[in-house]
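S.K.: predicted model, plus sequence, below.
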Amino acid sequence: MDRDRVVEILQEIGVLLELKGENPFKTRAYASAARTLEGLEEPLETLVKEGRLGTLKGIGDALQQKITELVTTDRLEYYESLKASLPSGLMDLLELQGLGPKKVKALYDKLGVDSIETLEQVCASGKVAELAGFGEKTQAKILESIAFKKQFASQHRLDQALRVAEPILDSLRGHPDVIRCSLAGSARRWKEILGDVDFLASSRNPAAVIDYFVTQPGVLQVLAKGETKASLILEGGIQADLRVVSDKEFPFALAYFTGSKQHNIVMRQRALERGMRLNEYGLFRSEEETRDPALLHPCATEDEIFQALELQFIPPELREDLGEFDAAEKGRIPRLIEWTDLRGSLHNHTHWSDGNESLEEVAAQVHELGCDYWAITDHSRSSVQARGLTPERLRDQIAQVARINQSYADEGSAFRLLTGSEVDILSEGRLDFDDTLLAELDVVVASIHSGFSQNEAEMTHRLIRAAENPFVHMLGHLTGRLLLKRDAYAVNQQAVIDACAATGTWIELNASPQRFDLDWRLWSYAKRKGVRCVINCDAHRAAHVGYLRLGAGLGRKGWLTKDDVINSLPLAQLRQALGKKRSSCPG
DNA sequence: GCCGTTTTCGGCCCGACTGTTTTCAGTCG
């Protein structure tokens, strides 16, 4: 059984135990073990074989035994019997707003509710309101959230969330009672998928800010509204929460509401170890629970909180409890890539294949935006659905790019288009164009667009063979995933990364927000192997230039620095880098 | 179920909001 499935099962056990009313800390132990495995950088199988599972954080004797059973026998008796003891529909109920394990258990025990359908029925008949601990309002809210779940998704892509959140952020910042205001939560940590959007503001008049927040354009529903906190549903079904604090509290609240949960737990722990207490209101010189201003260790910024806990500043993108504390203690948090470090993108399309604009239009737009270069990598002939280019059309395009570049040179501009192709990796790893043609191009991106159903060994072999081609500069969107839409195809990503390291092939961080592929969780591994990254827009229209900002954020989340990212190089050095793999290979 | 310069038991992060309650449990982040 592979790692991802083991992670899923551990998470599910955690939830099932919650429904059973088990000790919450036991429940958390399963969730935290799942997280540990998720962040694993070597094959789970190796750890199991060598009996090293127990050395991992949060995995003791019991979990070691269960994980070993899963990996070696493909099943776990404990899980099977736990699952059999509860109806599977209960898991769906937990996704409803306002329903947690206790309420779900009560509904199941007292009314036999075992699915959303049966829950809807008992609510409609009024039976829920009669239960102890429930009432008319709870019953109505449950019906509301069932209707909501039917209408809207519970998860949203980063770009979709930012599209609604950033105008509200601007609007709040313009309010006269707002002193400081920021995004918080997973949006500030630049997670690729979000459940909701969090805002934090500081003010002397919280009520005015809350009132302003709930009347923003695009608010569908107000879920909760208190003195210092409100929750809304925005158009598109995204939930947005605002918390308002005093300006003195702002840095503490910002750190707190940015999370992640796991990161915060470690922060609080560090405070306790130093005889202090950290919460969203401050860092207090007391181990007792307090908000006494006399005990406050004042911090004007988040940076000062980290200092007080003897840590280097940890950028929000890294706050996942995936190694940032170890690095920050040693002063080894690197200066992460900024999107303004990027000089252009090396994987983009035009209307020659499935893009939207002409070569001239693309050149003019990205030049205007300040890029130094832009590679044109339209699809190759096998991608018929994307109007892939034949060798003849590609040679025609090369000539036209040369003509456009000449006109920039004549104007005295240093901007250049680069010729290229996003060449299909066919089955068995053959490429769609022969090496002679690839050798004529400035930039070659090799990607898979067909045969998604091959098994892991076949897919991995295809990608490794493509990496071994001396004319392939980089692999594009390694797993083919479309977030919230299509799973990654089966591929051993570590093995492909190893092959890229061995052949000097780069890997793309596809900055299209529906891909973000290679995943941020794998860049540390790639980086350690010496593989360099290219943050590419995969632009199909002019507006996609904006993906550079999103992609750079995901690069930051993967701990990448300017030196790790090829397209931070100026043009002359980029050309050298592009020539390197070809010149190091014989023939 | 995990963990230990407080190590084999007794902790495990914590506060706001809501609704159902007359003092608090459940949910959420």
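M.R.: That came in fine, so what should we check first? Numbers count the residues shown, from 1 in each chain, chains lettered A, B, ... in the order given.

S.K.: can you list the residues of the stretch 151-300 of chain A near DNA strand B?
M.R.: By the rule C-beta under 7 Å from any atom of the strand, the part of the stretch 151-300 of chain A lying against DNA strand B is A:185, A:195-196, A:198, A:224-229, A:239, A:241, A:257, A:261, A:264-265, A:268-269, A:277, A:279-281, A:289. In this view, the C-beta of every residue, glycine as well, is placed from N, C-alpha and C.

S.K.: which of those are buried, as a PyMOL select command?
M.R.: Buried residues within these, by 16 or more other C-beta atoms under 10 Å, are selected in PyMOL with:
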select buried, chain A and resi 185+196+198+228+239+241+257+264+268+277+279+281
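
S.K.: now, which of the residues of the stretch 151-300 of chain A next to DNA strand B lie within helices?
M.R.: Among these, the subset assigned to helices under DSSP state H consists of A:185, A:257, A:261, A:264-265, A:268-269.

S.K.: could those residues go into a markdown table alongside pLDDT?
M.R.: Converted to a markdown table, these look like this (pLDDT from 0 to 100):
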| residue | pLDDT |
| --- | --- |
| A:Gly185 | 93 |
| A:Phe257 | 92 |
| A:Lys261 | 84 |
| A:Asn264 | 88 |
| A:Ile265 | 83 |
| A:Arg268 | 85 |
| A:Gln269 | 83 |
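
S.K.: okay, those residues in a markdown table with distance to A:Phe433 next?
M.R.: Formatted as a markdown table, these follow (distance: C-beta to C-beta, whole Å):
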| residue | distance to A:Phe433 |
| --- | --- |
| A:Gly185 | 45 |
| A:Phe257 | 51 |
| A:Lys261 | 48 |
| A:Asn264 | 51 |
| A:Ile265 | 52 |
| A:Arg268 | 56 |
| A:Gln269 | 55 |
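
S.K.: closest to A:Asn567 among these?
M.R.: The shortest gap between A:Asn567 and any of those belongs to A:Gly185, at 29.5 Å (C-beta to C-beta).

S.K.: give me every residue that touches that closest one.
M.R.: A:194, A:196-198, A:241, A:257-259 (C-beta atoms under 8 Å, 6 or more residues apart in numbering).

S.K.: go with 10 Å
M.R.: A:161, A:165, A:191, A:194-200, A:240-241, A:257-260, A:316 (C-beta atoms under 10 Å, 6 or more residues apart in numbering).

S.K.: and those residues, which of them are buried?
M.R.: Counted by 16+ other C-beta under 10 Å, these give A:161, A:165, A:191, A:194, A:196-200, A:240-241, A:257-260, A:316 as buried.

S.K.: in strands, which of these fall?
M.R.: Counted as lying in strands by DSSP state E, out of the buried ones among the contacts of A:Gly185, are A:194, A:196-200, A:240-241.

S.K.: now for those residues, which pair is the farthest apart?
M.R.: A:Leu194 and A:Leu200 (15.5 Å).

S.K.: what's next to the biggest helix by length in chain A, contact-wise?
M.R.: Longest helix of chain A, by residue count under DSSP H: helix A:391-410. Outside of helix A:391-410, the residues within contact range by C-beta under 10 Å, 6+ apart are A:350, A:352-353, A:358-360, A:362-364, A:367, A:373, A:375-376, A:378, A:380-381, A:387-390, A:413-421, A:423, A:432-434, A:436-438, A:440-442.

S.K.: could you list the buried residues of that helix?
M.R.: A:391, A:394, A:397-398, A:400-401, A:404-405, A:408.

S.K.: also stretch A:566-578?
M.R.: A:566-569, A:574, A:577-578.

S.K.: which of these sits closest to DNA strand B?
M.R.: Checking the buried residues of stretch A:566-578 against DNA strand B by C-beta to the nearest atom of the strand gives A:Ser568 as the nearest, at 34.0 Å.

S.K.: which residues are in contact with the closest one?
M.R.: A:Ser568 touches A:337-338, A:340-344, A:533-535, A:552, A:555, A:560-562, A:574, counting by C-beta under 10 Å, 6+ apart.

S.K.: in helices, which of the residues you listed appear?
M.R.: Those of those lying in helices (DSSP H): A:552, A:555, A:574.

S.K.: surely A:Gly275 meets A:Arg285?
M.R.: Yes: using C-beta atoms under 10 Å, A:Gly275 is in contact with A:Arg285, at 7.2 Å.

S.K.: who has more neighbours out of the two?
M.R.: The neighbour count for A:Gly275 versus A:Arg285, taken as other C-beta atoms under 10 Å, is higher for A:Arg285 (15 against 9).

S.K.: now the most centrally placed residue in chain A: how far from A:Arg582?
M.R.: Nearest residue to the geometric centre of chain A (C-alpha atoms, centre = their mean): A:Glu192, 2.8 Å. According to C-beta to C-beta, to the nearest Å, A:Glu192 stands 33 Å off from A:Arg582.

S.K.: for the stretch 301-450 of chain A, which residue gets nearest to DNA strand B?
M.R.: A:Asp321 (11.4 Å).

S.K.: which one is that residue nearest to, not counting chain neighbours?
M.R.: Spatial nearest neighbour of A:Asp321, excluding adjacent residues (C-beta to C-beta, 6 or more residues apart in numbering): A:Gln262 at 3.8 Å.

S.K.: identify the residues contacting the one you found.
M.R.: A:31-32, A:35, A:319-322.

S.K.: among those, find the lowest-pLDDT one for me.
M.R.: Lowest pLDDT of those: A:Arg35, 82.
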